[in-house]
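> Attaching a predicted model along with its sequence, questions to come.
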Amino acid sequence: MLHKPDVPVMRVAADDLLVWYDRHRRRLPWRAAPGETPDPYRVWLSEIMLQQTTVRAVGPYFEAFVARWPTVAALAAADGEDILKAWAGLGYYSRARNLIACARAVAGRPGGRFPDTEEGLRALPGVGAYTAAAIAAIAFGRRAAVVDGNIERVITRLHALETPLPAAKPEIRRLVDAITPADRPGDFAQAMMDLGASLCTPKRPACGLCPWMKPCAARLAGTQETFPRKMPKAVRPLRRGAAFWLVRPDGYVLVRKRPDKGLLGGMTEIPSSPWTEDFDMARATDHAPLRGMRWRRLPGEARHGFTHFELVVTVFAADALTTTKAPEGCRWVRLAELDGEALPTAMRKIAAVARG
DNA sequence: GATTCGTGGGT
DNA sequence: TACCCAAGAAT
């Protein structure tokens, strides 16, 4: 099944990659200098932030977090709401909720230290197969098969692996495990990720500079850009909804905390209707947080793309009184302090439409 | 195994 | 413009 008589099987040398890495390693805020002992807290925090998130986007967030919460104990002792506010804009907010739970779990362990094995790490909230292996290897020098999106691309090209993702994951893991050295496993993992990020890129890989050019089966066949194979993805539907911008004459606006689970869980929102594909805009104000208001539809719309659907929100505005009580689950926030709230980007776009 | 879960930048 | 993609995890 896996035998490909037309593709020569070549020996892949971990050393060739490590030599390249020692010369070209990226300097990243969370990466310890050569010879220095990595801080498990910084390794963990960066790995959580980097899940499905670019290095560029993570940078400022990582710096802000370690400046404000220098240790896992400090993070564990922090107000959860402050952490959500600091995370706002980075996306995938369940990560922030798991971050809090994980910090508190670690702080409650003997010595307040992270587990130093892949298995122990895997049991922590928000730590899956990739992150557990990455922390074990990078922070604790454990030999572990680290497989992220970069490494999937590198490995499927190296072996010209025809199996489409995600079905290919178990085989990729075996192939990575087979070449992971006992010495410098953390550097090896980071080297493969650097390779995927800088040379073995999705488009126009720089094969001429690659330390693994010779053993790469896809390069030999000239098909490197076609890997990894992937299952076609579903079309993204369009959902619509309404948001309700209620302001008081003294400069307060009504906001609401979203349920802890689900989309934008635990974050602050401009009170909104559900978002559906068959939203009835004529009955939009049925979803308003307060009845009996003179809701007027504002010009323009807020558009935002989520992973699995496209969103278009129509904004309705009304004037409240200084004495208007906030409905259940809602609260008043000073307009000038709205930016400091745990507002996801989608909500900031809605606020921008409302404020003209 | 398939879905759900954000956001910004690159092409 | 309309995709694609990024140091994935939880359910």
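Noted; the coordinates are in hand.

> my guess is residue A:69 contacts residue A:87, does it?
No. With contacts counted by Cβ atoms under 8 Å, residue A:69 stays clear of residue A:87, the gap being 11.8 Å. Every residue, glycine included, has its C-beta placed from N, CA and C.

> In the stretch 251-356 of chain A, which residue sits nearest DNA strand C?
residue A:307 (6.5 Å; Cβ to the nearest atom of the strand).

> if I've got this straight, that residue is in a helix?
No. Under DSSP: H, G, I helix; E, B strand; the rest coil, residue A:307 sits outside any helix and is assigned coil.

> That one: how many residues sit nearby?
9 (other Cβ atoms under 10 Å).

> and chain A, which residues reach DNA strand B?
Within chain A, the positions near DNA strand B by Cβ under 7 Å from any atom of the strand are A:52-54, A:56-57, A:88-94, A:166-167, A:169, A:203, A:231, A:234, A:262-265, A:304-308, A:344-346.

> can you tell me which of these are in strands?
A:304, A:305 (DSSP state E).

> What subset of the residues of chain A next to DNA strand B is buried?
Among those, those scoring as buried are A:88, A:90, A:91, A:93, A:94, A:263, A:264, A:304, A:344, A:346 (criterion: 16 or more other Cβ atoms under 10 Å).

> and the residues you listed, which two are the farthest apart?
The span of those, defined through Cβ to Cβ, is set by A:94 and A:304 at 18.1 Å.

> still on that earlier bit, can you lay out the buried ones among the residues of chain A next to DNA strand B as a markdown table showing distance to residue A:115 and pLDDT?
Below are those laid out as a markdown table (distance: Cβ to Cβ, whole Å; pLDDT from 0 to 100):
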| residue | distance to residue A:115 | pLDDT |
| --- | --- | --- |
| A:88 | 29 | 98 |
| A:90 | 25 | 98 |
| A:91 | 27 | 98 |
| A:93 | 25 | 98 |
| A:94 | 21 | 98 |
| A:263 | 31 | 97 |
| A:264 | 30 | 98 |
| A:304 | 38 | 98 |
| A:344 | 31 | 98 |
| A:346 | 36 | 98 |
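
> can you tell me if stretch A:158-174 touches DNA strand C.
No. Residues of stretch A:158-174 are not located near DNA strand C by Cβ under 7 Å from any atom of the strand, the shortest gap being 9.0 Å.

> Between the two ends of that stretch, how far is it?
14 Å (Cα to Cα, to the nearest Å).

> tell me which residues in it are buried?
A:158, A:159, A:160, A:161, A:163, A:165, A:168, A:172, A:173.

> Of those residues, which is the nearest to residue A:211?
For the buried residues of stretch A:158-174, the nearest to residue A:211 is residue A:158 (11.4 Å; Cβ to Cβ).

> For the residue lying closest to the closest one once chain neighbours are set aside, what are phi and psi?
Among residues not flanking residue A:158 along the chain, residue A:216 sits closest, at 5.3 Å (Cβ to Cβ, 6 or more residues apart in numbering). Phi and psi for residue A:216, reported as degrees, to the nearest 10, are phi -80, psi 120.

> Could you give the number of residues near residue A:216?
22.

> Residue A:292 now?
Neighbours of residue A:292 using other Cβ under 10 Å come to 7.

> residues contacting the residue nearest to residue A:158?
A:157, A:158, A:207, A:210, A:224 (Cβ atoms under 8 Å, 6 or more residues apart in numbering).

> how close does it sit to DNA strand B?
21 Å (Cβ to the nearest atom of the strand, to the nearest Å).

> so what pLDDT did that residue get?
Confidence at residue A:216, expressed as pLDDT, is 97.

> Quick check, the residue in the stretch 251-356 of chain A closest to DNA strand B?
residue A:344 (3.0 Å).

> List the ones among the residues of chain A next to DNA strand B that fall in helices.
A:56, A:57, A:94, A:169, A:345, A:346 (DSSP state H).

> you'd agree residue A:113 is up against residue A:106?
Yes. Using Cβ under 8 Å, residue A:113 is in contact with residue A:106, at 7.1 Å.

> Looking at these two, which is more packed in?
A direct count of neighbours by other Cβ under 10 Å for residue A:113 and residue A:106 places residue A:106 higher, at 22 against 12.

> you'd agree that one is up against residue A:112?
Yes. With contact defined as Cβ under 8 Å, residue A:106 counts as touching residue A:112 (6.7 Å).

> Find residues that contact each of those two.
Common neighbours of residue A:106 and residue A:112 (Cβ under 8 Å, 6+ apart) are residue A:72.

> ok, residue A:121 - how many residues close by?
27.

> returning to that earlier point: among the buried residues of stretch A:158-174, name the ones in helices.
The helices, defined by DSSP H, take in A:158, A:172, A:173 from the buried residues of stretch A:158-174.

> quick check, nearest of those residues to residue A:284?
Closest to residue A:284, out of all of these and judged by Cβ to Cβ, is residue A:172, at 47.3 Å.

> Tell me which residue in chain A sits closest to DNA strand C.
For chain A, Cβ to the nearest atom of the strand, closest residue to DNA strand C: residue A:128, 2.4 Å.

> Can you get me a residue count around that residue?
Residue A:128: 11 neighbours (other Cβ under 10 Å).

> just how off-centre is the helix or strand where residue A:130 lies within its chain?
If you go by DSSP states H and E, residue A:130 is part of helix A:129-140. From the chain centre to the centre of helix A:129-140 is a distance of 17 Å (Cα atoms, centre = their mean, to the nearest Å).

> So what touches that helix?
Contacts for helix A:129-140 (Cβ under 8 Å, 6+ apart): A:38-40, A:43-44, A:47-48, A:51, A:114, A:116-119, A:121-122, A:124, A:127, A:142-148, A:185-186, A:188-190.
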